[in-house]
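>>> Below is the sequence, then the predicted model.
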Amino acid sequence: MTSPSSQPLFGSMLMGGFECAAHKLRSGKRLDIAASTGHASRAAEDFALLRAFGMAGARDGLRWHLIEQRPGKYDWTSFLPSLQAARDAGITVAWDLLHYGIPNGVDIFSPRFVDRFGAFARAAAQLIAAETDAPAIFTPVNEISFWAFAGGTTGGLNPFATARGDALKRQLVRGALAATDAVRAVDRRSKIACAEPLVHILPSDTGADAIARAALHNASQFEALDMLLGRVAPDLGGHSDAVDIIGLNYYYNNQWIDGGRTVYLGDWHHVALQELIIATGNRYAQPLYIAETGTEGVFRPLWLRYVCDEVRAAAARGTCIGGICLYPLISHLGWDDDRHCQNGLFDGHAADGPRHAYTPLAQEVLAQAAQFAPAFAVAA
């Protein structure tokens, strides 16, 4: 059952996330996971599946590169069916405006990126307001911290830069703030969420330098959010109202020893997820939710059970946390190698393939949905 500190922010505590990454790889190939899983063309079917498994909330996204192929010219045919399907199914969606995929010809480091993204956000908000009555929920930029690291420091993600992580982070924050201002200008009721990795890094040894370095790494995970909220880098224009809901992305490999191995669940070094949630809740006044979580293979149901138990424990200790997003809901092909990632509740390795549920995870989802909302046990 839900506690006073775990009231759903998105219609239900348990949610489903639809992978919508749409960026270019170094090879020049553009990913479009919403298309390759079939979600883009089967949104009504997928939202009905959410409902059947006790989920009334979701994360989904717009594919900017398809909507604005020419500057200032918007074609909504890739998005409108999903928007209408979610509305008709009664699904509360947090819409990602930018999930790594920028249109061709856009220089993400240019001031023009910020202006163009803000204009796109305004147009998207106007469309959503025209099609729905409920206040919209937006995640302007997905995983600013990770994108800045992978795309600006290591060169592993577009724009494939190195030694420019701070510059990319600041630019993504500028874009997110411009989008926030734009959607609120359309509808002041709009809610702004973020989705940032929640990590824990342990020192490589017991020396003072190693401890200080690990502490610095742990603190840095909050820098993008602090920028958005105006706590640091005030020149970017952040302010205390810039984020309404803090989303935390947490996976099995989000804890590691500095410069070394992953610290897995069960390792004596491992810190319970509830402690990380509570610490984040103490740092910020906004409500939290788990914006992404999941794993691959046979451990999928066990991982979901662990995360749900830890969220309930954090809520019981007074932390305001209002959702757990199983991510992704549909298994997809690997970004770089097209391997069959067995990471979802349903198969999605072919756009027109059947939506076969992974039975052990399906049973766990139903059990958790019933535990969070006992009334669903009758419907299920």
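Noted; the coordinates are in hand. Residues are numbered from 1 along each chain as shown.

>>> quick one: low-confidence parts of the stretch 151-300 of the chain?
Within the stretch 151-300 of the chain, no stretch falls below the threshold (pLDDT under 70).

>>> mind listing the helices for it?
With helices called from DSSP state H, counting those that start in this stretch, the stretch 151-300 of the chain shows them at 165-186, 208-220, 223-228, 273-283, 300-316.

>>> Of those helices, which is nearest Leu366?
Of all the helices of the stretch 151-300 of the chain, helix 300-316 sits nearest to Leu366, with 10.6 Å by CB to CB. For every residue, glycine as well, the C-beta is placed using N, CA and C.

>>> For that closest one, which residues meet the burial criterion?
Residues 300-301, 303-304, 306-308, 310-315 are the ones in helix 300-316 that count as buried (16 or more other CB atoms under 10 Å).

>>> For Thr206, state which of those residues is nearest.
Thr206 has its nearest neighbour among the buried residues of helix 300-316 in Glu310, at 27.7 Å by CB to CB.

>>> looking at it, that closest one is touching Leu273, isn't it?
Yes - the criterion here is CB atoms under 8 Å, and Glu310 meets it with Leu273 at 3.9 Å.

>>> hang on, the earlier thing: which of the buried residues of helix 300-316 sits closest to Glu19?
When the buried residues of helix 300-316 are compared for distance to Glu19 (CB to CB), Arg300 comes out closest, at 15.0 Å.

>>> OK, contacts around the closest one?
Arg300 makes contact with Gly294, Gln342, Asn343, Tyr358, Pro360, Leu361, Glu364, according to CB atoms under 8 Å, 6 or more residues apart in numbering.

>>> 10 Å instead?
Arg300 sits next to 294, 326, 331, 342-345, 358, 360-362, 364-365 when contact means CB atoms under 10 Å, 6 or more residues apart in numbering.

>>> Over to Asp115?
Neighbouring residues of Asp115 by CB under 10 Å, 6+ apart: Arg174, Gly175, Ala178.

>>> ranges for the strands of the stretch 251-380 of the chain?
Using DSSP state E, counting those that start in this stretch, the strands found in the stretch 251-380 of the chain span residues 255-257, 288-293, 321-326.

>>> picking up where we left off before, name the residues contacting each of Glu310 and Leu273.
Common neighbours of Glu310 and Leu273 (CB under 10 Å, 6+ apart) are Tyr250, Ile290.

>>> before we move on, back to that, which of the buried residues of helix 300-316 sits closest to Asp352?
Arg300 (23.8 Å).

>>> Could you measure from the closest one over to Ala44?
In this view, Arg300 and Ala44 are 25 Å apart by CB to CB, to the nearest Å.

>>> now Ala129
Distance from Ala129 to Ala44, by CB to CB: 21 Å.

>>> Repeat that for Glu131.
15 Å.

>>> again with Arg70
29 Å.

>>> And for Ile91?
Separation of Ile91 from Ala44 (CB to CB): 10 Å.

>>> can you pick the most crowded of the contacts of Arg300?
Highest neighbour count within the contacts of Arg300, by other CB atoms under 10 Å: Leu326, with 30 neighbours.
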